[in-house]
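A.B. asks: next input, structure requested:
(chains A and B)
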Amino acid sequence: MRVTYPTAIVLFAVSRGVRYGFDIMDTTGLHSGTVYPILRRLEDAGMVRSRWEAATKARDDQRPPRRYYQVTGAGLSVVDAALERFPGLAGTLRGVAAPA
Amino acid sequence: MSAETRPVFPGATVLEVVARLVPESHRDEWLAEWRAEGTHAWRAALKADRGDAVAAWSLRARCLGGIMDALWLRRRHGTTIRRTSMFAHDVRFAARTLLRRPTFTTIVVTTLALCIGANTTIFSVVNSVLLNGLPYSRVDGLVAVYSNDTKSQRDRNQISVGDYEDWRARSRTLAAVAGYFPNWTATYTGGDVAERITAGVVSANFLPVLGVAPRLGRAFSEAEDKPGSPKTVILTHAFWSRVFSEDPAIVGKTITLEGAPYTVVGVMGSTFAFPGGKVDVLAPLPMLGNFLVRREVHLLNVIARLRDGVSGDAAYRELDGIAAQLREEHPRENAGFGVTVVPLRTAILGDVRRPILLLFSAVCAVLLIGCANVANLMLGRAGSRRQELAVRVAMGAEPGVIARQLLTESALIAVVAGAIGSVLAVAGTRALSRIVPPSIGRIADVQLDGRVFAFTLVASITAALLCGLAPALSSARGAAHPALQESTRGMRTRRRRRFQSGLVVGELALSLVLVVSAGLLINSFMRLAQLNPGFRTDHLVKVKVSLPSPAYGNPIARGQFQDALLARARELPGVRSIGAVSRFPLHDNNITTKVLVEGADPATADTRGDVDLRSAAGDYFAAMGIPVIAGRAFTTSERTDSGSTPVAIVNRAASRLLFGDQPAVGRRVSLGGQANGPFFEVVGVVGDIHDASLRDQPRPQIYTSAQQTMPGTLSYVARVEGATVPALTGLREAVKALDPRLPIYDVQTIDDVMTGASLSDRFTTTLLAGFSMLALLLAALGTYGVIAQSVSERTREIGLRIALGAQSAGVLRMVLREGLVLLGVALPLALAGIWVASNTLRSLLFGVTPADPITVSVALLTLAGATLVACYLPARRAARVDPMVAMRVAD
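C.D. replies: Okay, the predicted model is just below:
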C-alpha cells in the first residue's frame, strides 16, 4: 500500500492513541471523506484493526457503542518509516503530545 | 432500529440516505459506526454547550463526507461480494436442479465428457506434434535440402557426400550446411552384452546448425569430421539413462561400438529430437567409412540455416545454379540431379500434419454433434420446466436472472463433463502414445501439458455456451412475457421445434461427413491389406544378425558364419526353406545403385533412374514366395572364394528398365554404372515386390548373391510349417550357438512387418472410424430425442387423427417421414461437407476416390438406417396412441 502524507497522519494519530473516526478528524484536521477511506485502506492492509467498544460502557453513557481503531505491529513499523520520511509528521496532531 | 432508540443528531437523515450507497453486506455495520460517532459528537457538543447551528452544520458536513466512505466500500466490496454470492447461489441452485434429474444429468454429462475427452486426447497429439514446434532454435531459418532426381521423378532424394561438401563450400545464401545419415546401425558391446543400436551419423556442425547444444560435454569439433580422426560419440538422453543410469561422469569415458573404442564427448538433453527418427547415439561422419568418398552414393540428409534476410526461394535459386555446375563437373554421377529446398518444418511435419488435422477436425465435429444433442435435450427440458419458470417470474425473477441461472446449469454440466473428460483424456493419451505410429512418435512424445488442459477448459466453456445459450434465451424470452404465454405458446413451440430440427439436421450432416470419411479410409485400408505385396506373408519369420568388426572384418569369416547359420537353420524342425536378404521389404531402408548394361553407352545408365540394390542368399526367393520367372535362383556353388562369376538376379521391373523386351538372363551388368565393371551376370528374373511401401508401385530391383558380396548385416527369413514361435526360438538359439556375443534383433513374423508397414494408416483409420461411430450414435440419439418430443407434444393431434380414422400404419409412416425429412434436408449439407473433406482425404486414400459412389451409398444407407431406428420407437408409440386417453391430455 502506498503511504501518502494524509495516510501517514491518520496512521500516526491512531498509533498515538486517537482511536475513533471523528476524534481522528478532530486531531488531524482532515475531513471525514478523507479519514474514513484511509482507515478502510489501512485496515485492509493490516496496519490497523477495528473493534467495537464494550456494550456496557456505551450503555452507561446512554449512546450506541463506537467502533475504535488500533494500530498493529505492521502499522507501527510503517509509522516509524513514515516519521523518517515525513519529519514534520510528529507535530501535526492537535492536542496530542509529540513523541520525545 | 426502533424509533425510540434512533439517534437524533444533525446529519442523521443524511446518513440514512448515504447508507444506500454502501453494499448491503456492510450497510448495517457502517450505519452503526457513523450513527455512534454522530451521536457521540452531538452529545459532546451539547455537553460543552456548543450545540449551535455552526456545530450542527459541521456535523451534517461530516456526515455528508460519509459519501466518500460509502463509495470506497462500494468499489471495494460491493459488486464483487454481490456477484460472488449470486454466483455461489446460482451454482448451488443449478446443482440441486441437476441432481433432481439424475438420468438427464447423467446422459448430458456422459455425452459431453466423452466428446471433451476425445477432443483433449487428439488435441494432445496436435499440441505435441504441431503446436509445440520443433525443439530447435529459430526453426523458420532452417531448410531441408534434397537432390531432385528428375530421371525417376523423385524430388526428395538424399545427397552424396561430395555434393554436400560442394554445396557447403559454394553457397552464399546458406549460413551453414549440415549433413546427417539418420539410422546407421552399430553393435554396442558392454561387458558380456552385445546390443544393436542406432547411430545418427552427423557432420560436426550438425548441432550448431540446429541451434542446440549437448546437456553435458560438447558438440563435435570440425577435426572430428575428417576420416582418421579420433572416434567420438554423443549419447542421447534415452540411451544415457537406459544404459549408463545417467552417469554424470560419462563424458570422457569410452564405449565400444563395432568392436572399436569411441570416446563419449557429450550427452544430449531429454528434449532433443533427432530429425531422422529415434537414435541412441550421434557419431561423426567418418563412421560411414568408404561411403564418404563415393559421389554416386546418395545417403546424406542435409539441413541448412539460411543467412539472415535470405528467403528459401533465393537459396533454391542459388543451389539450383550450383547443381547445374555439378552436373557439368560430374556428368556421370550427377546427370539428371537438381535440387529441392523445403522449410525443415514442412520436411519433418509435412507427412503427419494432414492425418492429424483430419482427426482433429473429426473430433471437433463430434464435439459439435454432442453439444447439439445436449442443447436439444436442454431445450426439451426447458419446455417441460415452463411452469417452474413461470412461478419464478411471478415471484419477481427477472428474465436475465432466469437466463443466467439456466446458463449456470449448462456451465456446471460442462465443468463436470470437462473434469471427467480430462480424466478420460489422461487415459486416452496414455493409450494413444502406445499406438501412435513412428511417423508421429518420432517428432514428439504425446503427452498432456498446461496448453492441453487450457484447451480442455476452453472446450468446456464453448460446450457450455453452445449447449446452454439457446435454451437459456428461449426460456428467458418465454418467461419474460407470462401474460402472452398462452397466446404465443403455439408459435414459440413451433419456433423451438424448428430450431431443434435444425440442430438435428446439422448433427446428421456432420455425422454423414464423418461416416463417409471413415468409410473411405476403411475402404482404402482394406484395399491396402488385400494388396499382394509380391511375396507370401504367412508362416514366415525373420531375425536380423549383424556381424561386427573386427571379429567379422574378413569377408571369409562373414561367409562362413552365413553358411553355418543357413545350414543349422535348415535343420530346425518346421523350417521348410531358409534364405537371407540384406534389406527386408517394407522394413529396412532402401539403397540404390546405377546399373550399366554391358556394351551399352554409359550415358544410358546416367540418364536412367537408379535401381534398388539387395543381396540375397540361400533359398531367399523360395522362402519369401517370390516367383522365379526366368532363369534360376542363386546356388550354393556361387561363392567369392570359389572363383565363380559374380551373378545377379533382377526383378521384372528392372528387367523391363534395363533390357526392354529382350531376355535378361545371360546379360551382364555393371553395378555403380562403371563402364569397366566389375560385371555381374544376370542368372534369373524374379517377380516384383512392394518394397518401400505398399502404396508405391514396385520399383526395379537387382539382387546380388550374398555369398559373393558378404554383407555384414542380413535378415534370415524362414518359411515354416505350423507355429512360428518355435522357429523363431530355434533361429535365435542357432545364432547363439554359433556366436553368443552377436546381437540378434528385429525378431518378428512377417505379419508383424506387414502390420508395421500399415501402422500409420491403421492409426488414422481406427480413430476416425471410432469417432464416426460415436458421431453416428449421437446423431441417432439426437434424432430420437427430437422425434420423441415431437410425438409427445402432438399426442393430442395424433389421437384426433386416429379418432377420425387414421390407421396405425399411416401414423407410423407419418412419424418416420418426419425423421427422413430431417435426413433429406441434411443431405445437401453433408455432400458439401464431403466435398470439402475430400481435399484432405485424397492424399490419404489408396485405390479409392473421395467420391467413391459405393462408400457414399453405404454411409448414406447406414445413416438412414440409424435415423429410421431412432424414429421407429417414437413412431410405434404414436401408432399405439389411444384416442380417448390422448384427447384428455392437456396440451
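A.B. asks: now the helices for the stretch 651-800 of chain B?
C.D. replies: According to DSSP state H, counting those that start in this stretch, the stretch 651-800 of chain B carries its helices in the segments B:652-659, B:706-709, B:725-738, B:750-757, B:759-793, B:795-803.
A.B. asks: any idea which of those helices is most buried?
C.D. replies: Of the helices of the stretch 651-800 of chain B, the one with the most neighbours on average (mean count of other Cβ atoms under 10 Å in any protein chain shown) is helix B:706-709, at a mean of 24. C-beta here means a position set from N, CA and C on the backbone, and glycine is covered the same way.
A.B. asks: does anything pack onto that one? Which helices or strands?
C.D. replies: For helix B:706-709, the elements it packs on are helix B:555-570, strand B:611-618, judged by 3 or more Cβ pairs under 8 Å, 6 or more residues apart in numbering or on different chains; DSSP states H and E.
A.B. asks: what is the burial count for B:T849?
C.D. replies: B:T849 is flanked by 13 other residues according to other Cβ atoms under 10 Å in any protein chain shown.
A.B. asks: please read the previous query as pertaining to B:N301.
C.D. replies: There are 22 residues near B:N301, going by other Cβ under 10 Å.
A.B. asks: ok, of the helices of the stretch 651-800 of chain B, where does mean pLDDT dip lowest?
C.D. replies: Across those, helix B:750-757 has the smallest mean pLDDT, namely a mean of 78.
A.B. asks: turn the helices and strands packed on helix B:706-709 into TSV, including mean neighbour count.
C.D. replies: Converted to TSV, these look like this (neighbours: other Cβ atoms under 10 Å in any protein chain shown):
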stretch	mean neighbour count
helix B:555-570	18
strand B:611-618	25
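A.B. asks: got those as TSV, with distance to chain A columns?
C.D. replies: Rendered in TSV, the data for those read as follows (distance: least, Cβ to the nearest Cβ, whole Å):
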stretch	distance to chain A
helix B:555-570	83
strand B:611-618	78
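A.B. asks: of those, which approaches A:G46 most closely?
C.D. replies: Checking the helices and strands packed on helix B:706-709 against A:G46 by Cβ to Cβ gives strand B:611-618 as the closest, at 79.5 Å.
A.B. asks: quick one: name whatever helix or strand follows the closest one.
C.D. replies: Stepping forward along the backbone from strand B:611-618, the first helix or strand reached (DSSP states H and E) is helix B:620-624.
A.B. asks: tell me which residues in the helix or strand following that next one are buried?
C.D. replies: Helices and strands here follow DSSP H and E; after helix B:620-624, the next one along the chain is strand B:628-631. In terms of neighbour count (16 or more other Cβ atoms under 10 Å in any protein chain shown), strand B:628-631 has its buried residues at B:A630, B:G631.
A.B. asks: if we look at strand B:628-631, which residues are touching it?
C.D. replies: Outside of strand B:628-631, the residues that reach it under the criterion Cβ atoms under 8 Å, 6 or more residues apart in numbering or on different chains are B:F621, B:I649, B:R652, B:P663, B:A664, B:V665, B:V682, B:V683, B:G684, B:V685, B:V686, B:G687.
A.B. asks: confidence score at the fourth one?
C.D. replies: Model confidence at B:P663, expressed as pLDDT, equals 91.
A.B. asks: and the nearest residue to B:N676 once chain neighbours are set aside, what are its bridge partners?
C.D. replies: Of all residues not flanking B:N676 in the chain, B:S670 sits nearest, at 7.7 Å (Cβ to Cβ, 6 or more residues apart in numbering or on different chains). For B:S670, the beta-bridge partners are B:L596, B:F679 (DSSP bridges).
A.B. asks: just checking, B:S670 touches B:L658?
C.D. replies: No - if you go by Cβ atoms under 8 Å, B:S670 and B:L658 don't touch, sitting 11.2 Å apart.
A.B. asks: where does chain A have its least confident helix or strand?
C.D. replies: Using mean pLDDT, DSSP states H and E, the weakest-scoring helix or strand in chain A turns out to be helix A:55-60, at a mean of 83.
A.B. asks: assumed B:R196 was part of a helix.
C.D. replies: No - using DSSP: H, G, I helix; E, B strand; the rest coil, the secondary structure at B:R196 is strand, not a helix.
A.B. asks: spit out the residues that contact B:S670 and B:L658 alike.
C.D. replies: Shared contacts of B:S670 and B:L658, defined by Cβ under 8 Å, 6+ apart, are found at B:V595.
A.B. asks: for chain A, which spans come out with low pLDDT?
C.D. replies: By pLDDT under 70, the weakly predicted segments of chain A are A:95-100.
A.B. asks: let's see that with 80 instead.
C.D. replies: Low-confidence segments of chain A, defined by pLDDT under 80, span residues A:1-2, A:61-62, A:90, A:94-100.
A.B. asks: do the same with the stretch 551-700 of chain B
C.D. replies: With pLDDT under 80 as the threshold, the stretch 551-700 of chain B has low-confidence stretches at B:551-553, B:587-594, B:599-610, B:636-644, B:672-677, B:692-693, B:695.
A.B. asks: and the residue of it closest to chain A?
C.D. replies: Relative to chain A, the nearest point of the stretch 551-700 of chain B is B:N589 (68.6 Å; Cβ to the nearest Cβ).
A.B. asks: contact partners for that residue?
C.D. replies: Residues B:N183, B:R583 are the ones in contact with B:N589 under the rule Cβ under 8 Å, 6+ apart.
A.B. asks: and it, that's in a strand?
C.D. replies: No - using three-state DSSP, the assignment for B:N589 is coil, not a strand.
A.B. asks: for it, give me phi and psi.
C.D. replies: Reported as degrees, to the nearest 10, the phi and psi values for B:N589 are phi -70, psi 160.
A.B. asks: same question for B:G625.
C.D. replies: Here is the backbone geometry of B:G625 (degrees, to the nearest 10): phi 80, psi 20.
A.B. asks: from B:A664, how far off is it?
C.D. replies: Taking Cβ to Cβ, to the nearest Å as the measure, B:G625 falls 21 Å from B:A664.
A.B. asks: so for the two, which residue has more residues nearby?
C.D. replies: Neighbours were tallied for B:G625 and for B:A664 using other Cβ under 10 Å; the higher tally belongs to B:A664 (25 against 18).
A.B. asks: surely that one and B:V650 touch.
C.D. replies: Yes - between B:A664 and B:V650 a contact is recorded at 5.5 Å, counting by Cβ under 8 Å.
A.B. asks: what residue is smack in the middle of chain A?
C.D. replies: By Cα atoms, centre = their mean, chain A has its centre lying nearest to A:V14, at 2.7 Å.
A.B. asks: pull out the buried positions in the following helix or strand past the least confident helix or strand of chain A.
C.D. replies: Elements were assigned by DSSP H and E; along the chain past helix A:55-60, the next helix or strand is strand A:67-71. Going by neighbour count (16+ other Cβ under 10 Å), the buried part of strand A:67-71 is A:R67, A:Y68, A:Y69, A:V71.
A.B. asks: who's in contact with the third one?
C.D. replies: Counting by Cβ under 8 Å, 6+ apart, A:Y69 touches A:V14, A:R19, A:Y20, A:G21, A:I24, A:L39, A:L42, A:E43, A:V48, A:R49, A:S50.
A.B. asks: mind checking which of these are in helices?
C.D. replies: When helices are assigned by DSSP state H, the members of those inside them are A:V14, A:G21, A:I24, A:L39, A:L42, A:E43.
A.B. asks: farthest-apart pair in those residues, please.
C.D. replies: Looking at the ones in helices among the contacts of A:Y69 by Cβ to Cβ, the two members farthest from one another are A:I24 and A:E43, with 12.9 Å of separation.
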